[in-house]
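**Q** no sequence for this one, just the structure:
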């Protein structure tokens, strides 16, 4: 094997061409080979303009085929190119390590065999979400879950913080062979969330814009209407806090503090 090969995983950001870092773009320009998993042909055309030695890995997706298999095949193609001695860049939409396992797989495989492999950060969908919705995660806190992970895990949310559910369009979908959930699964999602939030509690579907001329999708509606809302692969559901942050006197005792020190009354 030719140990001269290397891999760098970069994020292209969410909005086309405008959110990639200078460092990531320099790696793209210098690469012998660029692989990409990008959301549309415009993103791919832009990447080809940066480096014509580009190949999309989207062809490995197929309806009815397990995405686990697809991701492993994508990683294997990238790894094989590195082993041939190429300086490879894997370009991924958004952040290369957030809801994107291919880069992680490839880096792990290559590092285990002594090849240089690294990941550079990129602008992710959550960064856009915080900006577009005006949320500071440091104010109330944020909980982030892949939707089915949250639903299947019986996780009890902190209703005093934001709850962000990624891939809501795949809620309850466990086969990894289809790209859309069912209305029945969304109804079940509402029933589970209704254990913690009233049906009339306002939630938000958010979609970051691909193009600078586009606006973010910010659609607000009562929780009970979720099954009738149009969802896309990039849809994220945000559930704002139901209650205010509550201080715990037992915890405050550890610091020699009292709830009244924060202007709150003990109940």
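**A** Nice, thanks for sending it over. What you see is a predicted model; the values in this text were computed from it and never measured. Residues are numbered from 1 along each chain as shown.
**Q** find the nearest non-adjacent residue to residue 116, please.
**A** Leaving aside its chain neighbours, residue 116 sits nearest to residue 6 (4.4 Å; criterion: Cβ to Cβ, 6 or more residues apart in numbering). Using the backbone N, CA and C atoms, a C-beta is placed for each residue, glycine as well.
**Q** the one you found: neighbour count?
**A** Residue 6 has 19 neighbours, counted by other Cβ atoms under 10 Å.
**Q** what of residue 247?
**A** Neighbour number of residue 247 under other Cβ under 10 Å is 14.
**Q** could you do residue 248 as well?
**A** By the criterion of other Cβ under 10 Å, residue 248 has 9 neighbours.
**Q** for it, give its distance to residue 196.
**A** Here residue 248 is placed at a distance of 19 Å from residue 196 (Cβ to Cβ, to the nearest Å).
**Q** in the stretch 51-200 of the chain, which spans are strands?
**A** Under the criterion DSSP state E, counting those that start in this stretch, the stretch 51-200 of the chain contains strands at 54-56, 87-92, 117-119, 142-146, 162-166.
**Q** was I right about residue 145 contacting residue 155?
**A** Yes. When contacts are counted by Cβ atoms under 8 Å, residue 145 is listed as touching residue 155 (6.7 Å).
**Q** and the longest helix for the chain?
**A** As assigned by DSSP state H, the longest helix anywhere in the chain is helix 67-83.
**Q** in terms of secondary structure, what does that helix contact?
**A** strand 6-11, strand 33-37, strand 87-92, helix 101-112 (3 or more Cβ pairs under 8 Å, 6 or more residues apart in numbering; DSSP states H and E).
**Q** now do the end-to-end distance for stretch 152-162.
**A** End-to-end span of stretch 152-162 (Cα to Cα, to the nearest Å): 19 Å.
**Q** please name the nearest non-neighbouring residue to residue 161.
**A** Using Cβ to Cβ, 6+ apart, the nearest residue to residue 161 is residue 141, at 3.6 Å.
**Q** contact partners for the one you found?
**A** Listed by Cβ atoms under 8 Å, 6 or more residues apart in numbering, the contact set of residue 141 reads 158, 160-162, 245.
**Q** thank you, goodbye.
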